[in-house]
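Chemist: Sequence and predicted structure, then a few things I'm wondering about:
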Amino acid sequence: MENFSQDELKIWEYCENRWDFYKQKDGGYYPSKHDDVVLNEVADKFNISAKEVKCIFNKVSYDKAQDQIKGMTQEQIKNELEKVVRNNKETPWGKGLDLR
């Protein structure tokens, strides 16, 4: 894992916490509703731009995902990706539709 600053890790964690809050509040993850709100809340808290928050969040998330999938089988990776898609309530799968 890349060496991130403590601030970068705090920003990433605060983003995760805010998204969890809105997912619980609204019964799922709605990107068009939650993303800008979370990015702006975190930007305000850490006194940086929402664009910087998004960049930091994506950089740390990418690194964490790479660490997570090391040693996983293709089937395990597929299952993890399916969870991501199903948790996005703006996709057909997240809305509970079975498109197989």
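Modeler: Cool, got the structure. Residues are numbered from 1 along each chain as shown.

Chemist: now the most centrally placed residue in the chain: how far from Gly71?
Modeler: Nearest to the geometric centre of the chain sits Glu16, at 6.4 Å (Cα atoms, centre = their mean). From Glu16 over to Gly71 the distance is 23 Å, taken as Cβ to Cβ, to the nearest Å. C-beta coordinates here come from the backbone N, C-alpha and C atoms, glycine included.

Chemist: Point to the helix or strand of the chain where mean pLDDT is at its lowest.
Modeler: Within the chain, no helix or strand scores below helix 74-87, which has a mean of 87 by mean pLDDT, DSSP states H and E.

Chemist: Low-confidence ranges, this structure, go.
Modeler: Residue ranges of the chain with pLDDT under 70: 1, 93-100.

Chemist: And the helices in it?
Modeler: Remark: helices of the chain, listed N- to C-terminal, are 6-26, 31-46, 50-69, 74-87; assignment by DSSP state H.

Chemist: hmm, back to that, and the gap between the residue nearest to the centre of the chain and Ile69?
Modeler: If you measure Glu16 against Ile69 using Cβ to Cβ, the figure is 18 Å.

Chemist: again, but for Tyr30
Modeler: Plainly put, Tyr30 is 26 Å away from Ile69 if you go by Cβ to Cβ.

Chemist: How far does stretch 25-35 stretch from one end to the other?
Modeler: 14 Å (Cα to Cα, to the nearest Å).

Chemist: and it, how far from the chain's centre?
Modeler: 11 Å (Cα atoms, centre = their mean, to the nearest Å).

Chemist: Can you give me the buried ones in it?
Modeler: By neighbour count on 16 or more other Cβ atoms under 10 Å, the buried set for stretch 25-35 is 28-29, 34-35.

Chemist: As CSV, the residues you listed with distance to Asn88 would be great.
Modeler: Converted to CSV, the buried residues of stretch 25-35 look like this (distance: Cβ to Cβ, whole Å):
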residue, distance to Asn88
Gly28, 8
Tyr29, 6
His34, 10
Asp35, 11
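
Chemist: and which of these is nearest Gln6?
Modeler: Gln6 has its nearest neighbour among these in Asp35, at 24.3 Å by Cβ to Cβ.
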